[in-house]
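>>> Got a predicted structure plus its sequence, pasted below:
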Amino acid sequence: MSAPPVLLVVDDDEVFRRSTAELLRDEGYRVHTAADAAGASEFLGRETVDLVLLDMRMPGVSGLQVVEVLRTRGSDIPILMISGYGDVKTAVESLHVGADDFLTKPVDPAELSRRVADVLERRPGPGRLESATSHGMVGTSRALSEVVGQIRQVASTEATVLVTGETGTGKELVARAIHELSERAGGPFVPVNCAALAEGLLESELFGHVRGAFTGATRDKEGLFSAADGGTLFLDEVGDMSLRLQQRLLRVLQEREAAPVGSTRARPVNVRVVAATHRDLATEAREGRFREDLYYRLDVFHIHVAPLRERTGDIPLLVRHALDRLADRSRGRVPRSMSPAAMRRLRAYEWPGNVRELFSAVQSAAIRAGEREIGVEHLPPAIRGEPESEGGDRYRAPSSSADERTAILAALESAEGVRSRAAELLGMSRTTLWRRMRDLGIEEDEEKEG
């Protein structure tokens, strides 16, 4: 008799966490629990899990961030997201970054049992791409092998690391691998995008704040430096940080302590910092846009991630990896192969968006191809070498109405019914999608608005 599946329930609500665990144990599963992302990371670092039930809102690191971290490092652990009613839009977003399904609170016990069984049935098989994958980084090129070697060199130290490379090259994967191979692997890995937040909000997120520090600060808030205690803080796009915040970061790196916004009382900081940027910080420092002293503090060990156009030999492995992941997560069928002609187009393309753009292109092509082999005609126009129309409508209809209907329904399913996203995947405008749905008799209730 095979061992029962192992589940991990991650929720900061103790009552919900315990009741859910008891319910699932009664169903015959082996169930463990964690109260936050740090606890989940610690457990996943030492135990094999078949399914994670993950709360959307938790103190410190959100469920959405956890999904992004797991998927960007190449983890295929099935994830069932649990959200409050007001978090449904974000829960749907979590499906786009890699969650397998979601439920809203209050959770119906029968529905929970059914969804858990459904997700477990779709879980991926073991062992794929192991020989060509290192911590989510797929490929066998010399450029990637050098990066993996540098990761292994620096991981066992406490050195601050600066990761550089173009957008979409996988800099966060490098940071995560450093964390996983370090003595801090049992602690949290906390990512923050410095370019995505306004200066005041970023300062509060990094250092926390005390009640009354500013309008709207109704309670004390823990910062990400505190949330990452004992682990690694990943500062993505650190080159976009303001000069004032650069000064605060420099002090933290020098003194190993930080004060919340609105307080003069500094607290000890036990965090390893890995920073990343697409900018040339040496040039930025010479021209006064980045503090030179902070640059030298961050650039203790430098890892550069090559753009995809410089490691095109890895593209076939990356395509296979992308198709495997799509097959695992799709409730329908997707192609398992790509024609040699289509692969040649991929290898000839410049990939300004790097691996991120490649994965998006493969997903889009897979939707157009349906169950057939992906051919040149299924690739986005830019990769086929064709100009986009002035109206931005790049759609090329399949040869039959049945194939077109299948492609549209597959795109709507992949986009969780969000029409604008489905239109983007198909390479058409929303107006064209609406017209083709009408002409093909696809009912309005088969999709939903985004």
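Ah, there it is. None of these values were measured; they are calculated from a predicted model. Residues are numbered from 1 along each chain as shown.
>>> per-residue confidence averaged over the helix or strand hosting residue 425?
When elements are defined using DSSP states H and E, residue 425 is found to belong to helix 419-426. Along helix 419-426, the predicted confidence averages to a pLDDT of 76.
>>> For the next helix or strand after that helix, which helices and strands make contact with it?
Counting by DSSP H and E, the element after helix 419-426 in chain order, helix or strand, is helix 430-440. Other helices and strands packing on helix 430-440, by 3 or more Cβ pairs under 8 Å, 6 or more residues apart in numbering; DSSP states H and E, are helix 401-414, helix 419-426. C-beta: built from backbone N, CA, C; applies to glycine.
>>> Show the average pLDDT along helix 430-440.
pLDDT averaged over helix 430-440 gives 78.
>>> Find the nearest non-adjacent residue to residue 336, please.
Take residue 336 and drop its neighbours on the chain: the residue closest to it by Cβ to Cβ, 6 or more residues apart in numbering is residue 323, 6.2 Å away.
>>> for stretch 204-211, the distance to its chain's centre please.
25 Å (Cα atoms, centre = their mean, to the nearest Å).
>>> quick revisit: and the helix holding residue 425, which residues are buried?
Buried residues in helix 419-426, counting neighbours by 16 or more other Cβ atoms under 10 Å, are found at 419, 421, 422, 423, 424, 425, 426.
>>> Surely the second one and residue 430 touch.
No. Counting by Cβ atoms under 8 Å, no contact exists between residue 421 and residue 430, whose distance comes to 9.9 Å.
>>> Can you list the low-confidence ranges for the stretch 301-450 of the chain?
329-333, 386-400, 402-403, 414, 416, 444-450 (pLDDT under 70).
>>> where along it do the helices fall?
If DSSP state H, counting those that start in this stretch is used as the criterion, the helices of the stretch 301-450 of the chain fall at 315-329, 340-348, 354-369, 381-384, 401-414, 419-426, 430-440.
>>> so which of those helices comes closest to residue 177?
Using Cβ to Cβ as the measure, helix 354-369 is the one of these that comes nearest residue 177, at 14.7 Å.
>>> packing partners for that closest one?
Based on contacts counted as 3+ Cβ pairs under 8 Å, 6+ apart, the elements that helix 354-369 packs against are helix 315-329, helix 340-348, helix 401-414, helix 419-426.
>>> what's the distance between it and the middle of its chain?
Centroid separation between helix 354-369 and its chain, computed with Cα atoms, centre = their mean, is 16 Å.
>>> Just want the angle from it to helix 315-329.
The directions of helix 354-369 and helix 315-329 differ by 60 degrees, with axes from the mean of the first three to the mean of the last three Cα atoms, to 10 degrees as the criterion.
>>> ok, and what's touching helix 354-369?
Contacts to helix 354-369, defined as Cβ atoms under 8 Å, 6 or more residues apart in numbering, come from residues 166-170, 307-308, 315, 318-319, 322-323, 326, 334-335, 338, 342, 346, 351, 353, 374-375, 377-380, 383, 398, 407, 410-411, 414, 425-427.
>>> how does it look with 6 Å?
Surrounding helix 354-369, the residues in contact under the criterion Cβ atoms under 6 Å, 6 or more residues apart in numbering are 166, 168-170, 307-308, 318-319, 322, 326, 334-335, 351, 374, 378-380, 407, 410-411, 414, 425.
>>> Stretch 4-17 too?
Judged by Cβ under 6 Å, 6+ apart, the contacts made with stretch 4-17 from elsewhere in the structure are 20-21, 24, 28-36, 40, 49-55, 58, 120.
>>> one step back: identify, out of the helices and strands packed on helix 354-369, the most deeply packed stretch.
Greatest average neighbour count among the helices and strands packed on helix 354-369 goes to helix 419-426 (a mean of 21), per mean count of other Cβ atoms under 10 Å.
>>> May I see the helices of the stretch 301-450 of the chain organised as JSON lines, with distance to residue 110 added?
Written out in JSON lines, the entries for the helices of the stretch 301-450 of the chain read as follows (distance: least, Cβ to Cβ, whole Å):
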{"stretch": "helix 315-329", "distance to residue 110": "24"}
{"stretch": "helix 340-348", "distance to residue 110": "45"}
{"stretch": "helix 354-369", "distance to residue 110": "33"}
{"stretch": "helix 381-384", "distance to residue 110": "46"}
{"stretch": "helix 401-414", "distance to residue 110": "24"}
{"stretch": "helix 419-426", "distance to residue 110": "31"}
{"stretch": "helix 430-440", "distance to residue 110": "33"}
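>>> Of the ones you listed, give the one that comes closest to residue 279.
Relative to residue 279, the nearest member of those by Cβ to Cβ is helix 354-369, separated by 15.6 Å.
>>> Which residue ranges of the stretch 1-150 of the chain form helices?
Counting by DSSP H, counting those that start in this stretch, residue ranges of the helices within the stretch 1-150 of the chain are 14-26, 37-44, 63-72, 88-97, 109-121, 142-155.
>>> The ones you listed: lowest mean pLDDT?
In terms of average pLDDT, helix 88-97 trails the rest of the helices of the stretch 1-150 of the chain, at a mean of 64.
>>> Can you pull the domain assignment for this structure?
Described in terms of automatic domain parsing, the domain architecture of the chain consists of the residue ranges 6-121, 131-306, 309-446.
>>> roughly how far apart are residue 35 and residue 58?
Here the criterion is Cβ to Cβ, to the nearest Å. By it, residue 35 lies 8 Å from residue 58.
>>> do the same with residue 119
With the distance defined as Cβ to Cβ, residue 119 ends up 20 Å from residue 58.
>>> which of these two has more neighbours?
Counted by other Cβ atoms under 10 Å, residue 119 and residue 58 do not tie: residue 58 has more neighbours, with 22 against 19.
>>> pLDDT at that one, what is it?
Confidence at residue 58, expressed as pLDDT, is 86.
>>> and if you look at residue 86?
pLDDT, residue 86: 56.
>>> Leaving out the residues flanking it, which one is nearest to residue 256?
Once flanking residues are discounted, residue 256 sits nearest to residue 269: 5.3 Å by Cβ to Cβ, 6+ apart.
>>> that older thread, quick one: closest of the helices and strands packed on helix 430-440 to residue 441.
In terms of Cβ to Cβ, the element of the helices and strands packed on helix 430-440 nearest to residue 441 is helix 401-414, at 8.1 Å.
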